[in-house]
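**Student:** Below are the sequence and a predicted model; questions follow.
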Number of protein chains: 4
Amino acid sequence: MASPKKKLQGLVAATITPMTEHGEINFSVIGQYVDYLVKEQGVKNIFVNGTTGEGLSLSISERRRVAEEWVTKGRNKLDQVVIHVGALSLKESQELAQHAAEIGADGIAVIAPFFLKPWNKDVLINFLKEVAAAAPALPFYYYHIPALTGVKIRAEEVLDGIQEKIPTFQGLKFSDTDLLDFAQCVDQNRQRQFAFLFGVDEQLLSALVMGATGAVGSTYNYLGKKTNQMLEAFERKDFSSALNHQFCIQRFINFVVKLGFGVSQTKAIMTLVSGIPMGPPRLPLQKASREFTDNAEAKLRSLDFLSFNDLKDGNLEACS
Amino acid sequence: MASPKKKLQGLVAATITPMTEHGEINFSVIGQYVDYLVKEQGVKNIFVNGTTGEGLSLSISERRRVAEEWVTKGRNKLDQVVIHVGALSLKESQELAQHAAEIGADGIAVIAPFFLKPWNKDVLINFLKEVAAAAPALPFYYYHIPALTGVKIRAEEVLDGIQEKIPTFQGLKFSDTDLLDFAQCVDQNRQRQFAFLFGVDEQLLSALVMGATGAVGSTYNYLGKKTNQMLEAFERKDFSSALNHQFCIQRFINFVVKLGFGVSQTKAIMTLVSGIPMGPPRLPLQKASREFTDNAEAKLRSLDFLSFNDLKDGNLEACS
Amino acid sequence: MASPKKKLQGLVAATITPMTEHGEINFSVIGQYVDYLVKEQGVKNIFVNGTTGEGLSLSISERRRVAEEWVTKGRNKLDQVVIHVGALSLKESQELAQHAAEIGADGIAVIAPFFLKPWNKDVLINFLKEVAAAAPALPFYYYHIPALTGVKIRAEEVLDGIQEKIPTFQGLKFSDTDLLDFAQCVDQNRQRQFAFLFGVDEQLLSALVMGATGAVGSTYNYLGKKTNQMLEAFERKDFSSALNHQFCIQRFINFVVKLGFGVSQTKAIMTLVSGIPMGPPRLPLQKASREFTDNAEAKLRSLDFLSFNDLKDGNLEACS
Amino acid sequence: MASPKKKLQGLVAATITPMTEHGEINFSVIGQYVDYLVKEQGVKNIFVNGTTGEGLSLSISERRRVAEEWVTKGRNKLDQVVIHVGALSLKESQELAQHAAEIGADGIAVIAPFFLKPWNKDVLINFLKEVAAAAPALPFYYYHIPALTGVKIRAEEVLDGIQEKIPTFQGLKFSDTDLLDFAQCVDQNRQRQFAFLFGVDEQLLSALVMGATGAVGSTYNYLGKKTNQMLEAFERKDFSSALNHQFCIQRFINFVVKLGFGVSQTKAIMTLVSGIPMGPPRLPLQKASREFTDNAEAKLRSLDFLSFNDLKDGNLEACS
């Protein structure tokens, strides 16, 4: 049995999988990506091969290699590397879990299977349990995202007595806006040292007040620093300042949501902000349009999320 | 033009329409109901003929009489009486708006029409504008509840420039969990004195932190006092205490949600807690089951939301 | 007790409510409309104040006057006039049912209530029963349209033993594509003389083969003649010809569906084809765009559904 | 380039993947299964690794082995073996397509990717095209099942000009009840020799009349003989008899649908009817309950779909 891991907290970036123009994985920039997250964004935890990372669009062997690369490049730089090992096939999910343990990842996360769907919480928990058992020394996180999976079982019901069923259970990534469900997860498990990670970036403040202990999301790749300022304001009970930070972040997200915002667009924005080429997504996604990128860039500049010396005199929104 | 109304804030109870065992409106208890809200729950604003009040199950003439009774009985006791005048027929909505003005209500609220649906925000705003114009001296509230109406137009888009279109616009009842949309309504209208009333009772705290100025809901009929304690803790920046209050309230709501919770159940709970007979709902609803009522009662007692002297020594959850 | 009505069969036009440019009901053209249906389209049954007729956008007093006008103008010309009396308020539905009886309509139809929704089939049947009881001598039709009401109760379950509960029950308007449900309604009620009217115009042939005895729809206002040809081909077992007619009708509907097709567009098309001004719809709908009308007209001509002498040499699709 | 395949027509059984009690694939009964389909059900085409076969719950290497076994055991017995090679990962889908070609399958079918979703028809077609290109000599079928994938792109739009994009395109498996879309696929592609295979077993007759050339489904595993009788009646234009067969089949499906009907239940029913042990499903499904199996068995007997000598005098429904 591995030594107990420290609790996962704060911001966790859902990593993008960089690709070449031909849609092959571009492993060469991952080291640079790690440094960028740590130094420029102040983000030291990552969530690999999730939705943002196009994890389910990769082959199993690609998922293994991507996980390995992040673990290797993150060593001594990142705090925790959690690998998403969810798959439609239990066997493949188990293979990925075992592999995560072998490469020295810090945890695994699993989504509910979503083609053939579990009919009730017991079947879902059985599925999760079988995956967890393949990596008996790794912290296990349940990734709750009903809008994408169509699995309507409440997280609170999944967590009821989960430690008896899955001893490695360590926390929840909750990607939904039902804060009754989320807060009851927190309330009913107060005695336990679980991580309650919120996954709807644009309304993180609303979950912090409900007891979230951290957050996993794609925007922390490029708005990590800004979001950390919000977390700090919240910590010191400066709610007015925290809300101002949240509003600023929302102005950007609200803007791109109206243009159509998904993984393709996240890749384009990250390329803009970090300067590291993320490349296009793989089919069934297609590259963000030039029009999107231009509009997003202008908005980033107006909010001072992307600054160039010669623009400093421009028309900034009051987001400082 | 009427004198400017003071801003609607704090808790607003979505009133139940009391009925006799035969499904006729029981006007006789409304005076007692007003006193109960003010004295026992500390709630001085009401929202009449909304979803909780089975407003759309009443005939137009019944809606007029119910509105009149609440205005009359609330005089000098309540701060504000807002009448929901939304209807599928624009003409009927206008008739109700005009009537609300005649009887001296303090405001009107309108839901998006939901059988034939507006195709875009402009058509929706035109509809709302036509209703508002029928009561040109009354504050106007837009009641946003996409899950019930199926109208997916974002509130933030409806509010964009709304004062130019609807000069009487005074606020929003936002009954949804999309707090990006809600908070952007607040952020983009900071200069205006709008009321931002949240309508998902079980997660009110998450909206307070996002800038909500009040709340409209059915649970404030019987949990108003408890919720006011949460509001006060939030005001004095005692977030830990506010969250505890929110958790307690959620424990009850979470419990009844699992049993099946709607207007019928609200009537049963209010009867239990207030002692005022709310009666059964009207078709297409049916009376809450005896099983529901028994379970709800036991939960109310265990949470100390319903106390009897002889139970004080019982098994209370830590919700004080 | 009224004398038994003959069974409703064949095509039933869901009538449009003609309006003036100011959105008031244009009663003056209803006589002409009746003649057009009978003489030009060969349609002798109508369904008044349904979805197509914007029934739920009218006030109760308007619904009464519209019903009355159709009954009056249809006398000795039409076979049957069925009035849709569904409403969110049971009381208003009952008032309309009683009125339909008083003016001598041939039947009433009721949709499931759809704001507050019946939780199970028993509550739904109770609701329908209460409406039917207000017009005890009129044939009663249940109008099943789950996509619009959100009421997922299967029609087959509603019809199970319905004659014991609603003695005036005479048939079903089934507006859905679940032909398992539809066909089981037919199969399980073979001994009874119910009308099984299908309500998805663009795939009527698929329901005829499953046992439909007729159809109610908006397209029979202007494609009644064409559809009657399909019915006749089906009757004489000329399936190849029936399918050709169905394909032709579909080409038009498929074309307008892609442009956005609803009640507004139906009004524009009917105005084009019949020459009788249907006017704009009432809010929350808005008038079909000029672009829609132009495109629809071109398609109607290319399919020879709208012929002008000088176009006879044009580019017709093979739809004769 | 392979010699042109003959057109796929008639019934195609969506094969179950037999499993042991421990959830491993039970290859040993596949030969027996082939004989049963051919001899007892008169079904000579199969669709392997689809929804019914739990294809997406298998690992890629399992999918390869299952495909291989069916091709091997079906040689000289079955007419056509189509392998479903759809996967969330394009690479894996391509690997499976290439493998299908190598083992000598008769065609491949692909579902729209459904976690990250194609935004429009062009992206979807690009995805399909990339898979098809991995097996350039194999007939390609598009498997349209919007209710499971959430991809709302109409099949008719996907088929528009598809031969220019995917030269191996040979047909459509259409698993939806939108018969406007289905029939327009047929109508607009009359000149081409495509197979139009319907996938909603319980209403196959409605698609036959619209031009379906065959059907793919799970019920043809055990109701193939019965369904073939319906096809024959339809062929000889005996619609009354065809409808009677359809009603009988529906009585069974309607019955199990009410009990909860999915892949687990299909495995239980097939075991009952064929006597070949299909075993339990794999997680996230769970074995059909004993109660389901008992009820299904009783219904099968009452409909004479499962006959035992000693029951011949029992209470049969009129389904002969």
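**Tutor:** That came in fine, so what should we check first?

**Student:** Smallest gap between chain A and chain C, at which residue?
**Tutor:** Closest contact between chain A and chain C, by C-beta to the nearest C-beta, is at A:K152 (14.6 Å). From N, CA and C alone the C-beta is placed, and that goes for glycine too.

**Student:** Surely that residue forms part of a helix?
**Tutor:** No. Secondary structure of A:K152 (DSSP: H, G, I helix; E, B strand; the rest coil): coil, not part of a helix.

**Student:** Surely it touches A:H144?
**Tutor:** No. The pair A:K152 / A:H144 is not scored as a contact, 10.8 Å apart, by C-beta atoms under 8 Å.

**Student:** Among these two, which residue is more densely surrounded?
**Tutor:** A:H144 (25 against 8; other C-beta atoms under 10 Å in any protein chain shown).

**Student:** Look at that one and report its pLDDT.
**Tutor:** Listed pLDDT for A:H144 reads 98.

**Student:** Quick check: closest non-adjacent residue to it.
**Tutor:** Closest residue in space to A:H144, ignoring its immediate chain neighbours: A:A155 at 4.4 Å, by C-beta to C-beta, 6 or more residues apart in numbering or on different chains.

**Student:** Next, the contact list for the residue of chain A closest to chain C, please.
**Tutor:** A:P146 (C-beta atoms under 8 Å, 6 or more residues apart in numbering or on different chains).

**Student:** Please report the distance of it from A:I166.
**Tutor:** 21 Å (C-beta to C-beta, to the nearest Å).

**Student:** same thing with A:A207?
**Tutor:** Taking C-beta to C-beta, one finds A:A207 at 23 Å from A:I166.

**Student:** Who has more neighbours out of the two?
**Tutor:** Using other C-beta under 10 Å, the more surrounded residue of A:A207 and A:I166 is A:A207, with 27 against 20.

**Student:** so what does the helix or strand containing the more buried one touch, helix or strand wise?
**Tutor:** In the assignment (DSSP states H and E), A:A207 maps to helix A:204-208. For helix A:204-208, the elements it packs on are helix A:179-188, strand A:195-198, strand A:214-217, helix A:220-235, helix A:239-259, helix B:204-208, judged by 3 or more C-beta pairs under 8 Å, 6 or more residues apart in numbering or on different chains; DSSP states H and E.

**Student:** switch the cut-off to 7 Å
**Tutor:** Packed against helix A:204-208, as judged by 3 or more C-beta pairs under 7 Å, 6 or more residues apart in numbering or on different chains; DSSP states H and E, are the following elements: helix A:179-188, helix A:220-235, helix A:239-259.

**Student:** can I get the CA coordinates of it in CSV?
**Tutor:** Output of helix A:204-208 as CSV, limited to C-alpha atoms (Å, rounded to 0.1, in the frame of the first residue of the first chain):
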residue,chain,number,x,y,z
LEU,A,204,-16.7,28.6,-9.2
LEU,A,205,-17.4,31.2,-6.6
SER,A,206,-20.9,29.8,-6.1
ALA,A,207,-19.4,26.4,-5.3
LEU,A,208,-16.6,27.8,-3.0
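
**Student:** Give me the contact list for it.
**Tutor:** Helix A:204-208 has contacts (C-beta atoms under 7 Å, 6 or more residues apart in numbering or on different chains) with A:179, A:182, A:198, A:215, A:227, A:230, A:234, A:242-243, A:246, B:179, B:206, B:209-210.

**Student:** where does chain A dip in pLDDT?
**Tutor:** Applying pLDDT under 70 to chain A picks out residues A:1-5, A:307-320.

**Student:** Spell out which parts of it neighbour chain B.
**Tutor:** A:177-180, A:183-184, A:187, A:202-203, A:205-206, A:209-211, A:237, A:239, A:243, A:246-247, A:250, A:253-254 (C-beta under 7 Å from any C-beta of the partner chain).

**Student:** Which members of those are classed as buried?
**Tutor:** Buried by 16 or more other C-beta atoms under 10 Å in any protein chain shown: A:177-180, A:183-184, A:187, A:202-203, A:205-206, A:209-211, A:239, A:243, A:246-247, A:250, A:253-254, out of the residues of chain A next to chain B.

**Student:** Now render the helices and strands packed on helix A:204-208 as JSON lines, adding distance to A:I46.
**Tutor:** Listed next are the helices and strands packed on helix A:204-208 as JSON lines, based on distance: least, C-beta to C-beta, whole Å:
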{"stretch": "helix A:179-188", "distance to A:I46": "22"}
{"stretch": "helix A:220-235", "distance to A:I46": "9"}
{"stretch": "helix A:239-259", "distance to A:I46": "20"}
